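>>> make a model of this:
(chains A and B)
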Number of protein chains: 2
Amino acid sequence: MKTGKQIVLIGAGNLATQLGLALHKAGFDIIQVYSRTEVSAKTLAQHIGATFTTNLTEITPTADLYIYALKDDVLEEVINTVPITNGLHVHTSGSIKMSLFSKKQKNFGVFYPFQTFSKTKLVDFSEVPFLITANSDESIENLKVIANELSHRIFVVNDEDRSFVHLSGVFACNFTNYLYTIAEQLLAERNLPFDILMPLITETVNKLKTLSPTEAQTGPAQRGDQLVITKQIQLLAQNPEWQKVYQLLTENIEPTKPIN
Amino acid sequence: MKTGKQIVLIGAGNLATQLGLALHKAGFDIIQVYSRTEVSAKTLAQHIGATFTTNLTEITPTADLYIYALKDDVLEEVINTVPITNGLHVHTSGSIKMSLFSKKQKNFGVFYPFQTFSKTKLVDFSEVPFLITANSDESIENLKVIANELSHRIFVVNDEDRSFVHLSGVFACNFTNYLYTIAEQLLAERNLPFDILMPLITETVNKLKTLSPTEAQTGPAQRGDQLVITKQIQLLAQNPEWQKVYQLLTENIEPTKPIN
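Here you go, the predicted structure:
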């Protein structure tokens, strides 16, 4: 391995797969992959030249770094089952404190890539922000060295910072996508394709390169255009849920003059 | 002019400017620009080789096409003041019916480019959907010929279709941007830069090239992850408005298994 150190990957889902492939490509030595599903463990292990196991008690105790890339709700149970080792143990979750490791391991932290992952779509990590947390300066340095090989955007944060970053992502990614689903259905009802929206969606994001979102705000609510607002609330009469969303977001947007 | 026809542009704001520049570049003959602000009328007119006026009654009566690129709330008054002519009169508004012209003009319609415009940022119209409405087949054909020189995505729609398209844009563009402003402020409170979100925002949009937004939905609400949802509602305790937005959108997102 690049740093002469050995990595165990605990998990074989979307993030584990993308992270494993990227670490392998960057020259790191991933010696073992764990997944409770044998086919997942085996598939990923084969791609990155590692052994695999489906048994947490068989996890190699001599590795330098253990990356737990798992769903939040199984993390605690897995942490409690993995053997105690001298290595550095990190999870990859936005909203779980690093202290979940503290009853078990000596060296621990968090290695959180702030991105949304699919299993099959290869991720270019170079622009992905890595948020690093650890219980010692030495561990922070070790995580920085690794993150540096994948990305040029590294932030050392505490648990609370990370939980707010995660929350900001829920607004900017998950909730935004939900608004796209409403738009999609409004168009489908008129037999119009969703991709009629793509130039507008793309331009809305492009504006963020030169304007803050507060400066870039446009639309009937920002203009205080009550005539359009009233009409649009009527158009949503068939769907009270969407009407409530429209009204709440419209109320919250402060009418101001945008910078064009 | 390309089609041997003459255009008058009524308005000199963001859309009028971008549309004027694009039509001029495509070889159309814009003979006159109206704006109530002389400097705006003059500036745009000079860029596209037109005359200008600040007086609606001085609008040339012999043009073939009159494009009213104005804010919704002044449209009616302007329409009522422009001289009656034999030309085709179109506005560019998403939510105003074409019949606003019907008491005054014989030939009328709507020429709606579905995009958000800034005055200074040059727009590539080639991907911009043009939504066309008119009160005769001949006028629809004339508008199609013009739109075709600017874009390859032309839709002939009725007033109601157009109002739903406009509404879908409010959800996908204006409301989405409002969610970005919340994310921006959540990060600023932790002294973190907004651009930490850009890879995630970009990826959320990129996914729409291969998945419908319904398929692409991810996040705590989609996973039904009550633990994270409860924590995140607590993180928003300082801001009841954002908390309400979080709760409403989370309630509306159906927990399902996403396609990765």
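
>>> report pLDDT for the closest residue to residue A:78 other than its chain neighbours.
With CB to CB, 6 or more residues apart in numbering or on different chains as the criterion, residue A:78 has its nearest non-adjacent residue at 5.9 Å, and that residue is residue A:70. All C-beta spots, glycine's among them, are computed from the backbone N, C-alpha and C. With respect to pLDDT, residue A:70 has a value of 95.

>>> now the helices: where do they sit in the stretch 51-200 of chain A?
A:72-81, A:137-150, A:159-169, A:176-189, A:198-206 (DSSP state H, counting those that start in this stretch).

>>> now the ones you listed as a markdown table including mean neighbour count?
Shown next, in a markdown table, are the helices of the stretch 51-200 of chain A (neighbours: other CB atoms under 10 Å in any protein chain shown):
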| stretch | mean neighbour count |
| --- | --- |
| helix A:72-81 | 15 |
| helix A:137-150 | 17 |
| helix A:159-169 | 22 |
| helix A:176-189 | 22 |
| helix A:198-206 | 20 |
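
>>> my read is that residue A:158 contacts residue A:134, right?
No: assessed by CB atoms under 8 Å, residue A:158 is found out of contact with residue A:134, at 10.5 Å.

>>> more neighbours: these two, which one.
Legend: neighbour count by other CB atoms under 10 Å in any protein chain shown for residue A:158 and residue A:134, higher for residue A:134 (22 against 13).

>>> for the more buried one, give me its contacts.
Taking CB atoms under 8 Å, 6 or more residues apart in numbering or on different chains, we find residue A:134 in contact with A:88, A:90, A:98, A:107-110, A:140, A:142-143.

>>> so where is the stretch 101-250 of chain A shaky, pLDDT-wise?
A:119 (pLDDT under 70).

>>> ok, and residue A:256, which helix or strand is that part of?
Assessed by DSSP states H and E, residue A:256 sits outside every helix and strand.

>>> which residues does the nearest residue to it once chain neighbours are set aside contact?
Spatial nearest neighbour of residue A:256, excluding adjacent residues (CB to CB, 6+ apart): residue A:222 at 6.3 Å. Residue A:222 is in contact with A:253-256, A:258, B:174, counting by CB under 8 Å, 6+ apart.

>>> how many residues are close by the residue lying closest to residue A:184 once chain neighbours are set aside?
Nearest in space to residue A:184, with sequence neighbours left out and distances taken as CB to CB, 6+ apart, is residue A:194 at 4.6 Å. Neighbourhood size, residue A:194 [other CB under 10 Å]: 21.

>>> what is the burial count for the residue of the stretch 51-200 of chain A found nearest chain B?
Across the stretch 51-200 of chain A, the shortest distance to chain B (CB to the nearest CB) belongs to residue A:174, at 3.0 Å. Using other CB under 10 Å, residue A:174 has 24 neighbouring residues.

>>> that one contacts residue B:218, correct?
Yes: using CB under 8 Å, residue A:174 is in contact with residue B:218, at 6.1 Å.

>>> which neighbours do the two have in common?
Counting by CB under 8 Å, 6+ apart, residue A:174 and residue B:218 have no contacts in common.

>>> tell me which element residue A:7 is part of?
Secondary structure (DSSP H and E) places residue A:7 in strand A:6-10.

>>> contacting residues around that strand?
A:1, A:16, A:19-20, A:23, A:28-34, A:44, A:50, A:56, A:59-60, A:62-70, A:78, A:82, A:87.

>>> so what's residue A:214 closest to, chain neighbours aside?
Among residues not flanking residue A:214 along the chain, residue B:181 sits closest, at 5.0 Å (CB to CB, 6+ apart).

>>> so how far does stretch A:75-88 reach from one end to the other?
16 Å (CA to CA, to the nearest Å).

>>> just stretch A:186-199 next, same as before
End-to-end for stretch A:186-199, by CA to CA: 17 Å.

>>> residues near residue A:229, how many?
19.

>>> show me what contacts it?
Contacts of residue A:229 (CB under 8 Å, 6+ apart): A:220-221, A:250.

>>> before we move on, which element is it in?
helix A:226-235.

>>> which parts of the helix or strand just after that helix are buried?
Once helix A:226-235 ends, the next helix or strand along the chain (criterion: DSSP H and E) is helix A:240-252. Within helix A:240-252, the residues that count as buried by 16 or more other CB atoms under 10 Å in any protein chain shown are A:242-243, A:245-246, A:248-250, A:252.

>>> touching chain B at all, helix A:240-252?
Yes: using CB under 8 Å from any CB of the partner chain, helix A:240-252 reaches chain B at A:241, A:244-246, A:248-249, A:252.

>>> residue A:183 is in contact with the residue nearest to residue A:184, correct?
Yes: using CB under 8 Å, residue A:194 is in contact with residue A:183, at 7.3 Å.

>>> look at the residue nearest to residue A:40 when sequence neighbours are not counted and give its secondary structure.
Leaving aside its sequence neighbours, residue A:40 sits nearest to residue A:12 (CB to CB, 6+ apart; 3.9 Å). Under DSSP: H, G, I helix; E, B strand; the rest coil, the three-state class of residue A:12 is coil.

>>> so residue A:12 sits against residue A:47, correct?
No: Residue A:12 lies out of contact with residue A:47 (CB under 8 Å); the separation is 10.1 Å.

>>> picking up where we left off before, for the residue nearest to residue A:256, give its distance to residue B:239.
Distance of residue A:222 to residue B:239, given as CB to CB, to the nearest Å: 20 Å.

>>> over to residue A:225?
Using CB to CB, residue A:225 is found at 26 Å from residue B:239.

>>> also residue A:40?
With CB to CB as the criterion, residue A:40 and residue B:239 are 40 Å apart.

>>> pretty sure the residue nearest to residue A:256 sits in a helix.
Yes: the assignment for residue A:222 by three-state DSSP puts it in a helix.

>>> contacting residues for residue A:153?
A:127-130, B:196.

>>> name the member of those residues with the most neighbours.
Going by other CB under 10 Å, residue A:129 tops the contacts of residue A:153 with 25 neighbours.

>>> contact partners for the residue nearest to residue A:150 when sequence neighbours are not counted?
On the basis of CB to CB, 6+ apart, the spatially nearest residue to residue A:150 that is not a chain neighbour turns out to be residue A:125, at 4.3 Å. Residue A:125 sits next to A:18, A:22, A:113, A:115, A:150-151 when contact means CB under 8 Å, 6+ apart.

>>> try it again with 7 Å
By CB atoms under 7 Å, 6 or more residues apart in numbering or on different chains, residue A:125 lies in contact with A:22, A:113, A:150-151.

>>> which of these tops the neighbour count?
Going by other CB under 10 Å, residue A:113 tops the contacts of residue A:125 with 24 neighbours.

>>> and that residue, bridged to which residues?
With DSSP bridges as the criterion, residue A:113 is bridged to residue A:130.

>>> wait, it touches residue A:130, no?
Yes: in terms of CB atoms under 7 Å, residue A:113 counts as a neighbour of residue A:130; the distance is 5.5 Å.

>>> what about residue A:238, how many neighbours?
Other residues close to residue A:238 by other CB under 10 Å number 8.

>>> and the contacts of residue A:222, which is the shakiest by pLDDT?
For those, the pLDDT minimum is residue A:258, 56.

>>> start and end of stretch A:83-93, how far apart?
End residues of stretch A:83-93 are separated by 20 Å (CA to CA).

>>> and that stretch, how far out from the chain middle?
20 Å (CA atoms, centre = their mean, to the nearest Å).

>>> got a list of contacts for it?
A:15, A:57, A:59, A:61, A:63-69, A:72, A:75, A:101, A:104-113, A:139, A:142-143.
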